[in-house]
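Starting from these lines, generate the structure:
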Amino acid sequence: MKQSVGPQLEVLDAMAASGIRGMRYLLQAEADHVWCNDLSLKVQPALQENLATAAQDPDSSGTFQISQMDVTALLEEMKSSGRQFDLVDIDSFGSKNGGAVIRKAIDVVRPGGLLYITSTDGLALSGRRPEDALRNYGALTSYTPAANEQALRVLAGTAVREGAAKGLHVRPLFSVFAPHGPVYRSMLSVEPQRPPR
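Numbering: from 1, shown residues only. You can find the predicted model right below:
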């Protein structure tokens, strides 16, 4: 990832919790700057400690920043200031604001960057609460034996559709399902729309 984006790799972990993923971006992805955000006051000490530990590691040359904001307010503020990142990681949200968070997150992904999204809302995405999926992801789900595949397609499809509405080409790179939770995760590239041939 770092080699493909140029001299700097900037990451936004918009719902960071304790900051473990932020640590991994600093240490393993060699990110130059990681911005970690979480609304919860309870996680702030662990978030600060974990990122400070990672930044002091001899293998890390990256810096970090921490904020404590509602994810939608953070994304709106970043959009209005023109702030963008090479990778935006949204983990995790349910159906209450899933589509809205994806819509806002796309705005802060730098052209050619990545959007990494998660949903833990198995009830809506797997078809057990189709009204929630329709309201929050714009997709009608039904409970089927392929419910987990359906959930991944709805999650990724929401990002593709939201990107297209903004004139962007959003393309799924991979998606994964983990039964604990359940957890649905998808990484997508975000690029300017290609002109028709």
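
CA atoms for contacts and neighbours, from now on please.
OK.

Without its sequence neighbours, what residue ends up closest to residue 129?
residue 123 (5.4 Å; Cα to Cα, 6 or more residues apart in numbering).

do you know how far residue 38 is from residue 197?
Look at residue 38 and residue 197: by Cα to Cα, to the nearest Å, they are 43 Å apart.

of these two, who's got more company?
Neighbour count, other Cα atoms under 10 Å: between residue 38 and residue 197, residue 38 has more, with 23 against 3.

Is it correct that the more buried one is in contact with residue 16?
Yes: assessed by Cα atoms under 8 Å, residue 38 is found in contact with residue 16 at 5.4 Å.

residues shared between the contacts of these two?
Contact with both residue 38 and residue 16 is made by no residue, according to Cα atoms under 8 Å, 6 or more residues apart in numbering.

Shouldn't residue 113 be within a strand?
Yes: assessed with DSSP: H, G, I helix; E, B strand; the rest coil, residue 113 lies in a strand.

what's around residue 82, how many residues?
By other Cα under 10 Å, 11 other residues sit near residue 82.

What backbone torsions are found at it?
Dihedral pair for residue 82: phi 80, psi 10, per degrees, to the nearest 10.

That one and residue 108, how far apart?
8 Å.

quick one: residue 167 and residue 191 touch, right?
No: the criterion here is Cα under 8 Å, and residue 167 misses it with residue 191 at 9.1 Å.

which one of the two has more residues nearby?
Set residue 167 next to residue 191 and count neighbours by other Cα under 10 Å: residue 191 wins out with 18 against 13.

Spell out the secondary structure type for the more buried one.
Assignment for residue 191 (three-state DSSP): strand.

What of residue 89?
Relying on three-state DSSP, one would call residue 89 strand.

What's the per-residue pLDDT of it here?
According to the prediction, residue 89 has pLDDT 97.

That one: how many residues sit nearby?
Applying other Cα under 10 Å, we find 23 residues neighbouring residue 89.

and what of residue 37?
25.

and it, what is it in contact with?
12-17, 66-69, 71.

TSV please, covering these and showing pLDDT and neighbour count.
Putting the contacts of residue 37 into TSV (pLDDT from 0 to 100; neighbours: other Cα atoms under 10 Å) gives the following:
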residue	pLDDT	neighbour count
12	98	27
13	97	22
14	96	27
15	94	21
16	95	26
17	93	22
66	97	18
67	97	14
68	97	17
69	96	16
71	94	19
